[in-house]
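Asker: sequence plus the predicted model coming up.
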Amino acid sequence: MASALSAKHFHDEAAAFAYVEARVWPEGPTCPHCGGVERISKMGGKSTRQGLYKCYQCRKPFTVRMGTIFEASHVPLHIWLQAMYLVAGSKKGISSNQLHRTLGVTLKTAWFMAHRIREAMRDGGLGLLGEGGGAVEVDETYIGRKAGAGNPKGGWGHKMTVLGLIDRNTGEGRYFHVDGGKEIQSIVLANLSREARLMTDEHVMYKRIGREFAEHGAVHHYNKEYARGDITTNTVEGAFSIFKRGMRGVYQFCAEKHLHRYLAEFEFRYSNREATGCNDEDRANAMLRGIVGKRLTYQTIGARA
Ligand SMILES: [Zn+2]
């Protein structure tokens, strides 16, 4: 039986380049310096770097790594593809320590790769949820500790707030790190079609925007009511529980400044899971669509203390 990681692009650098090029440049190579697509030649010869092209419009050399999360990294491309496979395929995430041991890169490199991969997973969710009158579940959850929060005196005030939106028909999920009710209201209004059936708990901030939508169903969690007909937030709560188990068990929580990247990771896996009809190949393609224009340096990530 062939293991999922036995494909050639996971082991052979030339095959890895061909794999990434076919997905980043479906119409053929594009010069990242001038945007040119004509008069581009592949450089050959033994001493030439893997995947090197030259653009004869601007006379500059380039590879498919340029302008992507792979730029300025010394890690071979086939190792990057293994790392992406492992992050995309691990339901609750995979620690930098595990990536370090599995891939044979240093811990610092593994941490850096994982953050870049999370950037590739961040697609920003285009289009509206609940189009055609579908149900969209909305809920918020609290996790970890805010930057600069003092000792907790009960309640949620010291924790970070995460908003989740799940389109029940398409299975797409979107997660946001939010500050408070006003922000929650504007995100819901910006991400949901007005035809949507909004599903929430009884919180007053949802009541205020509920009338904007075709229907607003609210369950009364305070009275221990979790479903009334198909009015429920059980789907989004299930998605939150995977996120929280991963953040607690695998990542041991994270600094507030990194939360949006972990949210992107869990959102990507949720929206591209087997139940929505996605397989390994679809997930790899979706991630490779996200590698362009997401170059991060160690400084812009904010190196870990
Ligand atoms: Zn050029």
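Answerer: Yep, that arrived.

Asker: surely Arg197 touches Ala218?
Answerer: No: the criterion here is CB atoms under 8 Å, and Arg197 misses it with Ala218 at 11.5 Å. From N, CA and C alone the C-beta is placed, and that goes for glycine too.

Asker: enumerate the residues of the protein near the ion.
Answerer: Taking CB under 5 Å from the ion as the criterion, the neighbours of the ion within the chain are 31, 33-34, 36, 55, 57-58.

Asker: same thing but at 8 Å, please
Answerer: 31-36, 40, 55, 57-60, 62 (CB under 8 Å from the ion).

Asker: buried subset of these as a ChimeraX selection?
Answerer: Burial among the residues of the chain next to the ion is assessed by 16 or more other CB atoms under 10 Å; the matching ChimeraX selection reads:
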select :31,32,36,40,55,62
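
Asker: name the nearest of the residues of the chain next to the ion relative to Asn272.
Answerer: Pro32 (26.6 Å; CB to CB).

Asker: using PDB, write out every CA atom in stretch 191-201.
Answerer: Output of stretch 191-201 as PDB, limited to C-alpha atoms (Å, rounded to 0.1, in the frame of the first residue of the first chain):
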ATOM      1  CA  ASN A 191     -20.500  38.200   5.800                       C
ATOM      2  CA  LEU A 192     -24.100  37.000   5.600                       C
ATOM      3  CA  SER A 193     -26.600  37.300   2.700                       C
ATOM      4  CA  ARG A 194     -29.800  39.100   3.700                       C
ATOM      5  CA  GLU A 195     -31.600  36.000   2.500                       C
ATOM      6  CA  ALA A 196     -29.900  33.900   5.200                       C
ATOM      7  CA  ARG A 197     -31.600  32.300   8.100                       C
ATOM      8  CA  LEU A 198     -29.500  33.500  11.100                       C
ATOM      9  CA  MET A 199     -29.100  31.100  14.000                       C
ATOM     10  CA  THR A 200     -27.800  32.400  17.300                       C
ATOM     11  CA  ASP A 201     -28.300  32.200  21.000                       C
END
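
Asker: pLDDT below threshold where in this structure?
Answerer: In the predicted model of the chain, residues 1, 124-125, 151-152, 293-305 satisfy pLDDT under 70.

Asker: now do the helices in it.
Answerer: Under the criterion DSSP state H, helices of the chain are mapped to 13-24, 77-89, 96-103, 107-121, 181-191, 204-210, 234-249, 259-271, 280-289, 298-301.

Asker: tell me what the third one is packed against?
Answerer: Spelled out, that is helix 96-103. Here helix 96-103 touches helix 77-89, helix 107-121, going by 3 or more CB pairs under 8 Å, 6 or more residues apart in numbering; DSSP states H and E.

Asker: okay, and which of the residues of the chain next to the ion map to strands?
Answerer: 40, 55, 62 (DSSP state E).

Asker: return the member of those nearest to the ion.
Answerer: Cys55 (3.1 Å; CB to the ion).

Asker: the closest one against Lys42, yeah?
Answerer: No: applying CB under 8 Å, one finds Cys55 not in contact with Lys42, separated by 11.3 Å.

Asker: and the residue of the stretch 201-305 of the chain nearest the ion?
Answerer: For the stretch 201-305 of the chain, CB to the ion, closest residue to the ion: Val292, 16.1 Å.

Asker: next up, the contacts around that residue.
Answerer: 24, 67-68 (CB atoms under 8 Å, 6 or more residues apart in numbering).

Asker: pick the one among the residues you listed closest to the ion.
Answerer: For the contacts of Val292, the nearest to the ion is Gly67 (12.0 Å; CB to the ion).

Asker: name the nearest residue to that closest one, ignoring sequence neighbours.
Answerer: Nearest residue to Gly67 in three dimensions, chain neighbours excluded: Pro32, at 4.3 Å (CB to CB, 6 or more residues apart in numbering).

Asker: for that neighbour, give me its contacts.
Answerer: With CB under 8 Å, 6+ apart, Pro32 has these contacts: 62, 66-67.

Asker: again, but for His9
Answerer: Counting by CB under 8 Å, 6+ apart, His9 has contacts 15-16, 18-19, 78, 81.

Asker: for PyMOL, what selects the buried ones among those?
Answerer: Per 16+ other CB under 10 Å, the buried members of the contacts of His9 correspond to this PyMOL selection:
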select buried, resi 15+16+19+78+81
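
Asker: ok, back up a step: show the buried residues in the contacts of Val292.
Answerer: For the contacts of Val292, buried by 16+ other CB under 10 Å: 24, 67-68.

Asker: distance check, the closest residue to Gly157 other than its chain neighbours against Leu263.
Answerer: In space, and not counting its chain neighbours, Gly157 is closest to Ala149: 7.6 Å by CB to CB, 6+ apart. In this structure, Ala149 and Leu263 are 19 Å apart, going by CB to CB, to the nearest Å.
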